[in-house]
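>>> Sequence plus the predicted model coming up.
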Protein chains: 2
Amino acid sequence: MFSKACEYAIRATIHVAVQSNLEKRTSLKDIAKAIDSPEAFTAKILQQLSRNQIIDSVKGPNGGFMISAEKMSAIKLSQIINAIDGDAIYKGCGLGLKACSEVHPCPVHDKFKKIRNDLKAMLESTSVYELSIGLTGGLTFLKI
Amino acid sequence: MFSKACEYAIRATIHVAVQSNLEKRTSLKDIAKAIDSPEAFTAKILQQLSRNQIIDSVKGPNGGFMISAEKMSAIKLSQIINAIDGDAIYKGCGLGLKACSEVHPCPVHDKFKKIRNDLKAMLESTSVYELSIGLTGGLTFLKI
DNA sequence: TAATATTCGGATAATTTTGTCCGAATTAAA
DNA sequence: TTTAATTCGGACAAAATTATCCGAATATTA
């Protein structure tokens, strides 16, 4: 569904949110350990998230990543996916056809429409905050 | 959503079905032209489809690919996807976590459940035959 | 100021996916 | 029986994705 980079991005952002809820900055090392991802690759992804203003970063000792309470509620899954994978999952044709559209549909266009719309709606309505709450409450898991 | 190989596989199978409905065998060249795909790569995919008994192949002059009327109705999108991409799209966790499950859910597990189930239901109920009919009737398109 | 902990950015490497080439096998038709 | 049209299978190549390495920049603290 999503690229590995995007999966790491979502997992990382949720972890940063959980730590931010505890008023803690979290470092690259912490994040990679917490979400079980390759550290150097994760660094690249965190940079992208930071450049896209999805999370904030602070250099130097006691530096690390965080996300403000306001952002946490405002940032939706769709924005993370867009920053990393682009909009193919929303706009792209199920069969990869460039010219597929409502008036020029591919054979699976209508079949995919509902599913794609549901997916879009879900991603655009799910906030990083609500996902972090499930983790903090022990209802969901990011590792093992 | 799907790999390129899988997109080509679906497009190719539908084209073969359309031609089979006209009692015509269709060759690799025809297929690649009709679905606008790289010929040699498409050959590999047709081999996979043939090995997985999704389509039939005949060698030699006037050879090519075809699919019987019975198969056309019986074969669902899910079987093509399974043959090429495997079952990750059905079974895999949205965040790529190995241990994600109903009793040990990742943060997006419940959010994805409905969408994944809808997708699964659609893919398992959509036959190659019905997709070929739309194309033949000029209601849908595979190219341009 | 010096030492240290951290993110940033560029180069590079490994792996996977996508794509190509070519000869072998098969089969229909001349 | 020869020729030609086709699929089959293996090796190879290119491109994209995933992953690593290392030095530079930055900021905290001793």
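It's in.

>>> now check the helix or strand bottoming out on mean pLDDT in chain A, is it near DNA strand C?
None of the helices or strands of chain A scores lower by mean pLDDT, DSSP states H and E than helix A:88-91, at a mean of 88. No - applying Cβ under 7 Å from any atom of the strand, one finds helix A:88-91 separated from DNA strand C by no less than 12.0 Å. Every residue, glycine included, has its C-beta placed from N, CA and C.

>>> what's the angle from the next helix or strand after that helix to helix B:109-125?
Next along the chain after helix A:88-91, taking DSSP states H and E as the criterion, comes helix A:109-125. If you take axes from the mean of the first three to the mean of the last three Cα atoms, to 10 degrees, helix A:109-125 sits at 180 degrees to helix B:109-125.

>>> Can you mark which positions in the following helix or strand past helix A:109-125 are buried?
Using DSSP H and E, the helix or strand that follows helix A:109-125 towards the C-terminus is helix A:128-136. Using 16 or more other Cβ atoms under 10 Å in any protein chain shown as the test for burial, helix A:128-136 gives A:128-135.

>>> List just the nearest of those to A:E23.
Relative to A:E23, the closest of the buried residues of helix A:128-136 is A:S132; by Cβ to Cβ it sits at 13.3 Å.

>>> in which helix or strand would I find the residue nearest to the closest one when sequence neighbours are not counted?
Leaving aside its sequence neighbours, A:S132 sits nearest to A:A17 (Cβ to Cβ, 6 or more residues apart in numbering or on different chains; 3.7 Å). With secondary structure defined by DSSP H and E, A:A17 is part of helix A:4-21.

>>> What parts of chain A come near chain B?
A:1-2, A:4, A:7, A:10-11, A:14, A:77, A:89, A:92, A:94-97, A:99-100, A:104-109, A:111-112, A:114-115, A:118-119, A:122, A:126, A:131-132, A:134-135, A:139-144 (Cβ under 8 Å from any Cβ of the partner chain).

>>> what's near enough to touch A:S20?
A:26, A:66-69, A:72 (Cβ atoms under 8 Å, 6 or more residues apart in numbering or on different chains).

>>> With A:M66 instead?
Going by Cβ under 8 Å, 6+ apart, A:M66 touches A:16, A:19-20, A:24-26, A:55-56, A:58.

>>> Any stretches of chain A with poor pLDDT?
Flagging of chain A using pLDDT under 70 yields the residue ranges A:144.

>>> Distance of A:S127 relative to DNA strand D?
Here the criterion is Cβ to the nearest atom of the strand, to the nearest Å. By it, A:S127 lies 24 Å from DNA strand D.

>>> Around DNA strand D, pick out the residues from chain A.
Within chain A, the residues that sit near DNA strand D (Cβ under 7 Å from any atom of the strand) are A:3-5, A:8, A:37-41, A:43-44, A:58-63.

>>> From these, list the buried ones, please.
Using 16+ other Cβ under 10 Å as the threshold, A:8, A:37 are the buried ones among the residues of chain A next to DNA strand D.

>>> Among the residues of chain A next to DNA strand D, name the ones in strands.
A:V58 (DSSP state E).

>>> just checking: which of the residues of chain A next to DNA strand D also lie near DNA strand C?
Answer for the residues of chain A next to DNA strand D near DNA strand C (Cβ under 7 Å from any atom of the strand): A:40, A:43-44, A:58-63.

>>> Contacts only, for A:Y90.
By Cβ under 8 Å, 6+ apart, the residues touching A:Y90 are A:78, A:116, A:120.

>>> Please repeat the previous calculation with a cut-off of 7 Å.
Neighbouring residues of A:Y90 by Cβ atoms under 7 Å, 6 or more residues apart in numbering or on different chains: A:K120.

>>> Could you pick out the buried ones from the residues of chain A next to chain B?
Here the buried ones among the residues of chain A next to chain B, as counted with 16+ other Cβ under 10 Å, turn out to be A:1-2, A:7, A:10-11, A:14, A:77, A:89, A:92, A:94-97, A:100, A:105-109, A:111-112, A:115, A:119, A:122, A:126, A:131-132, A:134-135, A:140-142.

>>> looking at it, A:I81 is touching A:C6, isn't it?
Yes - between A:I81 and A:C6 there is a contact at 5.8 Å, judged by Cβ atoms under 7 Å.

>>> Done for today, thanks.
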